[in-house]
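Visitor: Fold the stuff below for me.
(one chain, ligands or ions: 1)
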Amino acid sequence: MKDLKKSEALIEMTKTIAVTGKGTSKEEDVRSKYLLSVDLEDIRYQAKSGLNFPFRVPEMVEHILQFFDDNCIKGTFFVVGKTAREIGSLIQQVHKTGHELGCHTYDHLQLDRMTPEIFRENLLRNIDVLNRLGVDSVYGFRAPDFSLIESTQWAWEVLSELGFRYSSSVLPARNPLYGWDGFPTCPLRMDNGLWELPISITSVIGFKIPFAGGIYLRFFPKIVLHQFCRKHLKRGSPLVGYIHPYDIDTAEKKFKVEKNPFLNKLVYYNRKSTFTKLEFLLKRYVPMRFLDYVHILEKNMEKSNINA
Ligand SMILES: [Zn+2]
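Guide: Below is the predicted model of the structure:
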């Protein structure tokens, strides 16, 4: 955890900026910002028999674009390269309508299944697909399944070398899949200048819950989510949430994504509630693309350094 130990003072400084916009009133307030992302992937690859079922990602992306348009918001799409190749014209539409595009690896491969060299190649492939579709600059990354953990933190160095400005890949809690308990819950700037924007979590009777995305968003009632958001925002961090195309797909035929029948049930649970919950949250918190948020953090840091 060398980066974390070295950066303790920086964490405090970042927190202060996030909470108060320390220094002058001219610094932009980063409170109450809602960073909403779409992890654009094809869930069928996560199941043995998945490819026997219809490809529903294009229709879901169209719904998401319509939803964003109806609510006048710009979001961030972390895109799996292989899937982007299959829906090229839609990716171009996402780009043309002003949403941000970032990487989610070429084939949704978790970081602990790669070496730094393989990760580098994988990212270059992911970027190449986006470049060919007219997305000239890619600055954001999300690790599949939030697999950026203590043992895979080498990924930040690779990202920085390739010109990325931020990652949103850490789930700062213990989790059945991947998680990094003890990682700060606020945005953290690495020594190499890259920002990590961890997924939002809240504590409930000792359990840390990543409430702002996926199954957790579908599971909790609106009013409970609102409480979680308020509690989280009090700490000065933005809301960092996510959905997948399948999170809104109410007509998808069920197949076995998870071996455990209960977990598999959760994959399909309450999908009809996703848009209403997002709408509820978007009325209360200020949506923003991830890169725009990073720009504010950097600007505030600069001003804070000048004023120091
Ligand atoms: Zn994913």
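
Visitor: hey, let's count contacts and neighbours off CA atoms from now on
Guide: Noted.

Visitor: Backbone dihedrals for Leu123, please?
Guide: When quoted as degrees, to the nearest 10, the phi and psi of Leu123 stand at phi -70, psi -40.

Visitor: What does the pLDDT read for it?
Guide: Note on Leu123: pLDDT of 98.

Visitor: That one contacts Thr105, doesn't it?
Guide: Yes: the criterion here is Cα atoms under 8 Å, and Leu123 meets it with Thr105 at 5.7 Å.

Visitor: Between these two, which is the more surrounded one?
Guide: Set Leu123 next to Thr105 and count neighbours by other Cα atoms under 10 Å: Thr105 wins out with 28 against 23.

Visitor: ok, that one to Val158 distance?
Guide: Here Thr105 is placed at a distance of 13 Å from Val158 (Cα to Cα, to the nearest Å).

Visitor: Likewise for Ser137?
Guide: 16 Å.

Visitor: One more: Lys253?
Guide: Separation of Lys253 from Val158 (Cα to Cα): 39 Å.

Visitor: cool, Gly140 as well?
Guide: Gly140 is 13 Å from Val158, by Cα to Cα.

Visitor: Leu291 versus Met301, what's the distance?
Guide: 15 Å.

Visitor: Please read the previous query as pertaining to Ser169.
Guide: The value you get for Ser169 to Leu291, if Cα to Cα is used, is 14 Å.

Visitor: Give me the more crowded residue out of these two.
Guide: More neighbours surround Ser169 than the other of Ser169 and Leu291, with 22 against 19 (other Cα under 10 Å).

Visitor: The more buried one - that's part of a strand, no?
Guide: No: going by DSSP: H, G, I helix; E, B strand; the rest coil, the assignment for Ser169 is coil, not a strand.

Visitor: what about it, distance to Phe146?
Guide: Distance from Ser169 to Phe146, by Cα to Cα: 5 Å.

Visitor: all helices for this protein, in order.
Guide: Using DSSP state H, the helices of the chain run over residues 2-6, 8-20, 57-70, 81-86, 88-96, 116-132, 155-161, 214-219, 222-234, 261-268, 274-284, 290-307.

Visitor: ok so, going back, between Lys253 and Val158, which one's more packed in?
Guide: Neighbour tally, Lys253 and Val158, criterion other Cα under 10 Å: the higher count belongs to Val158, 16 against 9.

Visitor: Quick check, the more buried one in contact with Pro116.
Guide: Yes: if you go by Cα under 8 Å, Val158 and Pro116 touch, sitting 6.9 Å apart.

Visitor: Residues that sit against both of these two, list them.
Guide: Residues touching both Val158 and Pro116 (Cα atoms under 8 Å, 6 or more residues apart in numbering): there are none.

Visitor: Phe77 reaches Gly102, doesn't it?
Guide: Yes: between Phe77 and Gly102 there is a contact at 6.0 Å, judged by Cα under 8 Å.

Visitor: Neighbour count: those two, which is higher?
Guide: Ranked by neighbour count (other Cα under 10 Å), Phe77 and Gly102 place Gly102 first, with 31 against 28.

Visitor: So the more buried one sits against Val138, correct?
Guide: Yes: counting by Cα under 8 Å, Gly102 does reach Val138; the two are 5.6 Å apart.

Visitor: How much space separates Val224 from Leu263?
Guide: In terms of Cα to Cα, Val224 sits 22 Å off from Leu263.

Visitor: what sits against Tyr178?
Guide: Counted by Cα under 8 Å, 6+ apart, Tyr178 has contacts Asp145, Phe146, Ser147, Leu148, Ile149, Leu171.

Visitor: ok, now Ser273?
Guide: Arg218.

Visitor: With Leu194 instead?
Guide: Applying Cα under 8 Å, 6+ apart, we find Leu194 in contact with Trp156, Leu159, Ser160, Phe164, Arg165, Tyr166, Ser167.

Visitor: what's the pLDDT at Trp195?
Guide: 97.
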